[in-house]
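# Here you go, sequence then predicted model.
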Amino acid sequence: MCGRFSLLDPPEEVMSYFGLMELDDFPPRYNIAPTQPILMIIAGETPPPGSNRPDRRALLVRWGFIPGWVKDTANYPLMINARSETAIDKASFKAAMRHRRALIPASGFYEWRRDGKAKSQAYWVRPRNGGIIAFAGLYEPWGNAEGSEMDTGAILTTSSSEDLRFIHDRMPVVIEQKNFTRWLDCKSQEPRHVADLMKPAQADFFEAIPVSEKVNHVANTGPEIQDRVIEPAKQSARGKSYEPEGQLKLF
């Protein structure tokens with residue numbers, strides 16, 4: 001799954017990577033949490049005249065997907081993730097899978113290795129070579145009975161790459177830059193046409209850095225939450241020692 005992530009790259013780099021014409025300024029965000037605003041990139045309506053850039057625009061959404069048909073959110077679960085393998089069949093996500101696919105700019109994400117039910121160790125998972133990445137996302141407009149409206153969104157997840165399974169068995173779907181247009185094209189590309197993009201990242205693409213419990217607290221929003229701590233012994237889901245072999249080593 002993905003319950004926290006970061007976006008540290010400056011707006012001009014995000015604009016360049018995603019082919020945006022404009023983007024409001026924003027500070028580095030080290031600890032983005034559910035229900036907070038997140039940045040999504042969606043397809044526009046028509047390409048700008050004389051521009052060689054794709055028609056894409058930025059959208060701020062609430063991280064926590066609410067289907068348009070939900071009337072009362074009081075007892076509705078907070079859906080921050082959607083399983084890519086089943087999203088097209090789920091009533092909550094199938095319309096968004098067909099019509100409202102998005103890209104979510106990120107610099108990496110946090111995941112916790114669990115021993116039993118307790119969160120035992122947090123990891124900052126980032127591209128080994130640095131740079132921006134794009135999570136696959138879905139967005140949905142939602143309005144309440146009083147007429148208030150907002151856009152909501154979720155991150156699509158898939159099974160973890162082999163080198164990250166010692167932490168968790170799920171990870172965000174990462175869309176490569178060469179596939180942005182195909183992923184965002186909801187007019188000619190049905191979900192079955194982009195199913196091949198919803199796969200684990202290549203082994204060794206990410207590195208996992210053990211970090212302190214500071215990231216557990218939403219109020220902690222500074223760079224210190226990404227400081228490396230002494231690496232604990234890796235554990236499998238059953239509690240046994242686990243160490244990737246050869247090229248699968250993370251550290």
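Arrived safely, thanks for sending. Residues are numbered from 1 along each chain as shown.
# following the helix or strand where Glu140 lies, which helix or strand comes up?
Assessed by DSSP states H and E, Glu140 sits inside strand 133-143. Once strand 133-143 ends, the next helix or strand along the chain (criterion: DSSP H and E) is strand 149-159.
# Could you spell out the sheet neighbours of that next one, each with its direction?
When pairing is defined by DSSP bridges, strand 149-159 lines up against strand 56-63 (parallel), strand 81-83 (parallel), strand 133-143 (antiparallel), strand 170-172 (antiparallel).
# Ala122 is in contact with Ile167, correct?
No - counting by Cβ atoms under 8 Å, Ile167 sits too far from Ala122 to count as a contact (9.4 Å). Glycine gets a C-beta too; all of them are placed from N, C-alpha and C.
# end to end, how far does stretch 43-60 reach?
With Cα to Cα, to the nearest Å as the measure, the ends of stretch 43-60 fall 14 Å from one another.
# Who are the contact partners of the residue lying closest to Leu59 once chain neighbours are set aside?
Spatially, and ignoring its direct neighbours in sequence, Leu59 is nearest to Met40 (4.8 Å; Cβ to Cβ, 6 or more residues apart in numbering). Residues touching Met40, when contacts are defined by Cβ atoms under 8 Å, 6 or more residues apart in numbering, comprise 58-61, 102-104, 137, 139, 151, 153.
# Name the helix or strand for Met40, please.
Following DSSP H and E, one finds Met40 within strand 37-43.
# Can you name the residues bridging to Thr158?
Beta-bridge partners of Thr158, as defined by DSSP bridges: Met171.
# Burial check on it, number of neighbours?
Using other Cβ atoms under 10 Å, Thr158 has 19 other residues around it.
# Over to Phe5?
Counted with other Cβ under 10 Å, residues neighbouring Phe5 total 27.
# Next up, identify which helix or strand it is on.
With secondary structure defined by DSSP H and E, Phe5 is part of strand 4-7.
# packing partners for that strand?
Using 3 or more Cβ pairs under 8 Å, 6 or more residues apart in numbering; DSSP states H and E as the contact test, the elements touching strand 4-7 are strand 29-32, strand 101-106, strand 108-115.
# ok, residues contacting it?
Strand 4-7 is touched from outside by 14, 26, 28-33, 39, 105-110, 124, 135, 155, 172, 215, 226, with contacts defined as Cβ under 8 Å, 6+ apart.
# Buried residues, whichever helix or strand comes after it. List them.
Heading C-terminal from strand 4-7, the first helix or strand you meet, by DSSP H and E, is helix 11-18. Of the residues in helix 11-18, those scored as buried under the neighbour-count criterion (16 or more other Cβ atoms under 10 Å) are 11, 14-15, 17-18.
# So for Ala233, what's the pLDDT?
What the model reports as pLDDT for Ala233 is 60.
# oh, I was asking about Gly137
Per-residue confidence (pLDDT) for Gly137: 98.
# Specify the beta-bridge partners of it.
Beta bridges link Gly137 to Ala102, Ile155 when assigned by DSSP bridges.
# can you check Ile32 too?
Taking DSSP bridges as the rule, Ile32 bridges to Phe5.
# Just the element for Pro200, please.
No secondary structure element spans Pro200, as it lies outside all helices and strands (assigned by DSSP H and E).
# Report the separation between the nearest residue to it once chain neighbours are set aside and Ala33.
The shortest distance from Pro200 to any residue other than its chain neighbours is 4.2 Å, reached at Ser161 (Cβ to Cβ, 6+ apart). Between Ser161 and Ala33 the distance, using Cβ to Cβ, to the nearest Å, works out to 24 Å.
# show me the contacts for the residue nearest to Pro200.
Listed by Cβ under 8 Å, 6+ apart, the contact set of Ser161 reads 171, 200-203, 205-206.
# out of these, which are buried?
Of the contacts of Ser161, these count as buried by 16+ other Cβ under 10 Å: 171, 200-201, 205-206.
# ok so, going back, just name the most buried of the helices and strands packed on strand 4-7.
The highest average neighbour count among the helices and strands packed on strand 4-7, using mean count of other Cβ atoms under 10 Å, belongs to strand 101-106 at a mean of 26.
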